[in-house]
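1. Pasted the sequence and its predicted model underneath.
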Amino acid sequence: MGTIWSPERISSEGPKYKAVVSLIQNRIAEGSLEIGTKLPPVRDMAWQLQITPGTVARAYTILTDEGVLRAEVGRGTFVAEPVTAERPLNLIEVDATPHQTGGDTDIVNLFSPHLPNGGQSSLIRQLLGEIAQDPPSGIMHYPSRHSARAARQAFVGWLQGTPIGAFGEEDVVLTHGGQNAILLVFQTILKGRRPVIFVEELAYPGFRRAAELLRAEVVSIAMDSDGVIPEALAAAAERYPEGQIFCTSPEVHSPTCGFTPMARREALVAVARRYDLQIMEDDCYRMGRAEGEGYRQLAPERGWYISSLSKSITPALRVGCAIGPKGQAGALHRSAEHGFFGLATPIIDLVAALLVHPQLPQITAASRAGVEEYVKVAVNRLGAFDLRWRRDVPFLWMQLPQGWRASAFCQAADAVGVRVRAAEEFAARNAQAPHAVRMAINAGVSLRSFDAAMERLRVVLDNPSDEISV
């Protein structure tokens, strides 16, 4: 009892982590591994089996989740007692009503989405404890492509079903969130003294901020309800021959909640090919299934894809990814390595375990359901106004009624304890922005507090004062 067990080599057929799982299960079943036996640390096991530490960590996590093994912080991983009715599986409890995780408050900030807790906080705490006990990537090394391989593989699985064309773990570059992914793509693509970037007329402000850092000029392109107008993009490309990349969010347009249909996407690809523009797709706001083919699939020679965990799991981790066109993986990796070496190794280990955890789909589904509850409350209170929303998108877009300017409404909303973002924050500095606001879902406050905030906004909307009306 309590001795280190030395395994033999594993089968080379099939996924290696499954072979490790089967090996341990078989040795327990035949009695070679008794209850209480301590397994080798992840790195030692990986060395003995001649596989990556991430593969072993994934096998240990699966068996721990199934109750076959138990992990003790500071001591190691041991063979657990068989699961019985008195000792059920050690599963993460998922809150069936995730909207109740927030507290009551009269101050409600709707600047940025705050997701409901569907169980991800408990899962992340558990995984962090296991990693602290025995970090697969170690704690005395620089991050590297090799050490991040398991995390990149996990991202491939997490993005499975997303229509962005064929890609493997070697194509995935890990980033510090979606904003870092944008900057990384720009650094890889842009050239010349004064490159030009094309963005949507109303667009995520991070595009402009990243361009400013690189001293690039930003040109806004006119839109309609389906997104950027192809003829407007073509006219801009004619006027600005220095234009190199078109940035867009076709699945969930921020801030308007819009969606770009396939016919429009194909027309924009034709323009990009005519003027040799790269296309960067920002897919950071989608929580549900993708409804259309991504630009990397439609135009594999020029489509760049970025995403992050911020709007589906948590923004606290600051983890995202960038995937370039075929043949650009090396350049994208070099941009990351020359810029920041890579993600911290404990975060790499956490991502590798988190994205393949069997409970993650249940947790993210619970979080999406929580977002839908908040959206319903907002629509019930504000549905009489010109409101755009989608049940699985963590923000809403509202065209203000006659009598309101966006800046004046934001001031009036702030006076009643609700902070919203004016449309001008998503437009170019010299543009004439619409009188509209974006309101993010904030599940960091209780559903009752959110409901009360929506009611206060309704009252404000119905009563523009002489001092702030148009």
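-> Right, received. Where do you want to start?
2. How many neighbouring residues does G168 have?
-> Using other C-beta atoms under 10 Å, G168 is surrounded by 11 other residues. Just so you know, the C-beta spots here come from the backbone N, C-alpha and C atoms, and that holds for glycine as well.
3. what ranges do the strands span in the stretch 1-150 of the chain?
-> Ranges of strands within the stretch 1-150 of the chain are 69-72, 76-79, 108-109, based on DSSP state E, counting those that start in this stretch.
4. Okay, buried residues for the first one please.
-> Looking back up the chat, that one is strand 69-72. For strand 69-72, a neighbour-count test (16 or more other C-beta atoms under 10 Å) marks L69, R70, A71 as buried.
5. ok, the first one - contacts?
-> It stands for L69. Each residue near L69 by C-beta atoms under 8 Å, 6 or more residues apart in numbering is listed here: I24, L39, Y60, L63, T77, F78, V79, A80.
6. make it 10 Å
-> L69 sits next to 24, 28, 33, 37, 39, 59-63, 77-80 when contact means C-beta atoms under 10 Å, 6 or more residues apart in numbering.
7. Who wins on neighbours among those residues?
-> A59 (28 neighbours).
8. ok, the closest residue to that one other than its chain neighbours - how many residues close by?
-> The shortest distance from A59 to any non-neighbouring residue, by C-beta to C-beta, 6 or more residues apart in numbering, is to V20 (3.7 Å). Neighbourhood size, V20 [other C-beta under 10 Å]: 25.
9. same thing with R296?
-> 27.
10. what does the one 10 residues further on give?
-> I306 has 26 neighbouring residues, counting by other C-beta under 10 Å.
11. Mind checking what secondary structure it has?
-> Per DSSP: H, G, I helix; E, B strand; the rest coil, the local secondary structure of I306 is strand.
12. circling back to that earlier point, reformat the strands of the stretch 1-150 of the chain as JSON lines; add distance to A422.
-> Shown next, in JSON lines, are the strands of the stretch 1-150 of the chain (distance: least, C-beta to C-beta, whole Å):
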{"stretch": "strand 69-72", "distance to A422": "49"}
{"stretch": "strand 76-79", "distance to A422": "53"}
{"stretch": "strand 108-109", "distance to A422": "15"}
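13. Mind putting those into CSV with distance to H176 and mean pLDDT?
-> Converted to CSV, these look like this (distance: least, C-beta to C-beta, whole Å; pLDDT from 0 to 100):
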stretch, distance to H176, mean pLDDT
strand 69-72, 28, 82
strand 76-79, 30, 86
strand 108-109, 23, 95
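14. Dump the helix or strand hosting V371 to CSV, keeping only the CA atoms.
-> V371 belongs to helix 360-382 when assigned by DSSP states H and E. This file holds the C-alpha atoms of helix 360-382, laid out as CSV (Å, rounded to 0.1, in the frame of the first residue of the first chain):
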residue,chain,number,x,y,z
LEU,A,360,-17.8,20.7,-19.8
PRO,A,361,-20.6,20.3,-22.3
GLN,A,362,-23.2,20.1,-19.5
ILE,A,363,-21.6,23.1,-17.8
THR,A,364,-21.6,25.3,-20.9
ALA,A,365,-25.2,24.3,-21.7
ALA,A,366,-26.2,25.4,-18.2
SER,A,367,-24.4,28.7,-18.7
ARG,A,368,-26.2,29.2,-22.1
ALA,A,369,-29.5,28.5,-20.4
GLY,A,370,-28.7,31.1,-17.8
VAL,A,371,-28.0,33.7,-20.5
GLU,A,372,-31.3,32.9,-22.1
GLU,A,373,-33.1,33.6,-18.8
TYR,A,374,-31.6,37.0,-18.6
VAL,A,375,-32.3,37.7,-22.2
LYS,A,376,-36.0,36.8,-21.6
VAL,A,377,-36.2,39.3,-18.7
ALA,A,378,-34.7,42.1,-20.9
VAL,A,379,-37.1,41.3,-23.8
ASN,A,380,-40.1,41.2,-21.5
ARG,A,381,-39.2,44.6,-20.1
LEU,A,382,-37.9,46.4,-23.2
